[in-house]
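Participant: Using only what follows, build the 3D model:
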Amino acid sequence: MPMNAAYENPGDLADVIPVFPLPGALLLPRGQMPLNIFEPRYVAMIDDALRAGHRLIGMIQPDGAHPGPENKPNLYKVGCVGRITQIAETGDGRYLLQLTGIARFRIDEELRVSTPYRQCRVAYTPYVDDFMPRKGEDEVDRKSLLHALSDFLEANDLKADWEGIENAPNEALVNALAMMSPYGAAEKQALLEAPDLKTRAEILVAVTEIELAKKSTGGETPLQ
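Facilitator: Below is the predicted model of the structure:
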């Protein structure tokens, strides 16, 4: 989705951002994530992001392997910052919004703040390639990716818009499939932290093949 703001390098982004911990949520650069915001602390977060003018929210997963306190779970070190590109009020105190991913970040420090939501000082420089749309597309094994997707859909009796899939550029295809995948937090984090688009596609294919093998042998699948 086109944005009114241009982000061409890490210096175009705020180095202190609000973060929204959400298990299983994966935002990737130029991906689009719908959110239903209803908790008062996150409604306040959205209000403040709009008031500040940057419209930035950092999506990040709690670290389930090292959970920490229930009211303030430990976070993975890597997330993705998105800009609010659509927003609507529901009339009952909620926001329906869409985030468009910009770039991944690594947490340098979580700040002590008076806001009800958490804020972190972050670095984008480890992921400078995220600012270059469609970088590495030619390295993606599209045939393997589509084959794994086809097998997954068939095994789970699901349908897909194959015309749209066939017409999607590799970056949009890989990132959309990764974001929509039904896998667990650890797998989602691996997809997020993949060093490049080619590796992300390979991880997606590998995880899909593992889940298909589990299903064929009666093992647990993420759809159960």
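
Participant: Just give the closest residue to T125, not the sequence neighbours.
Facilitator: P10 (5.2 Å; C-beta to C-beta, 6 or more residues apart in numbering). All C-beta atoms are positioned from the backbone trio N, CA, C, and that covers glycine.

Participant: any idea how far P126 is from the one you found?
Facilitator: 9 Å (C-beta to C-beta, to the nearest Å).

Participant: Of the two, which one has the most company?
Facilitator: P10 (18 against 15; other C-beta atoms under 10 Å).

Participant: By mean pLDDT, point me to the weakest helix or strand of this protein.
Facilitator: Least confident helix or strand of the chain, by mean pLDDT, DSSP states H and E, is helix 162-167 with a mean of 90.

Participant: in its sheet, what does the longest strand anywhere in the chain sit against?
Facilitator: If you go by DSSP state E, the chain has its longest strand at strand 95-110. Strand 95-110 has the following strand partners under DSSP bridges: strand 32-37 (antiparallel), strand 78-89 (antiparallel), strand 118-123 (antiparallel).

Participant: how about those in CSV, adding mean neighbour count, mean pLDDT and distance to Q61?
Facilitator: CSV is the format used below for those (neighbours: other C-beta atoms under 10 Å; pLDDT from 0 to 100; distance: least, C-beta to C-beta, whole Å):
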stretch, mean neighbour count, mean pLDDT, distance to Q61
strand 32-37, 16, 97, 13
strand 78-89, 19, 98, 7
strand 118-123, 19, 98, 13
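
Participant: Turn these into JSON lines, including distance to M179.
Facilitator: Shown next, in JSON lines, are those (distance: least, C-beta to C-beta, whole Å):
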{"stretch": "strand 32-37", "distance to M179": "7"}
{"stretch": "strand 78-89", "distance to M179": "10"}
{"stretch": "strand 118-123", "distance to M179": "20"}
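
Participant: wait, which of those is closest to A5?
Facilitator: Of all those, strand 78-89 sits nearest to A5, with 6.5 Å by C-beta to C-beta.

Participant: How much space separates the most centrally placed residue in the chain from A103?
Facilitator: With distances taken as C-alpha atoms, centre = their mean, L27 lies nearest the centre of the chain, 1.4 Å away. Here L27 is placed at a distance of 10 Å from A103 (C-beta to C-beta).

Participant: related to what we said a few turns ago, tell me the contacts of the residue nearest to T125?
Facilitator: Applying C-beta atoms under 8 Å, 6 or more residues apart in numbering, we find P10 in contact with A103, A123, Y124, T125, V128, F131.

Participant: try 7 Å this time
Facilitator: Counting by C-beta atoms under 7 Å, 6 or more residues apart in numbering, P10 makes contact with Y124, T125, V128.

Participant: Of those residues - the most surrounded one?
Facilitator: Neighbour-wise, the contacts of P10 (other C-beta under 10 Å) top out at Y124, 21 neighbours.

Participant: so T85 makes contact with G101?
Facilitator: No: taking C-beta atoms under 7 Å as the definition, T85 is not a contact partner of G101, at 10.1 Å.

Participant: quick check: longest helix of this structure.
Facilitator: helix 197-216 (DSSP state H).

Participant: which strands and helices sit next to that helix?
Facilitator: For helix 197-216, the packing partners by 3 or more C-beta pairs under 7 Å, 6 or more residues apart in numbering; DSSP states H and E come out as helix 142-155, helix 170-180, helix 185-193.
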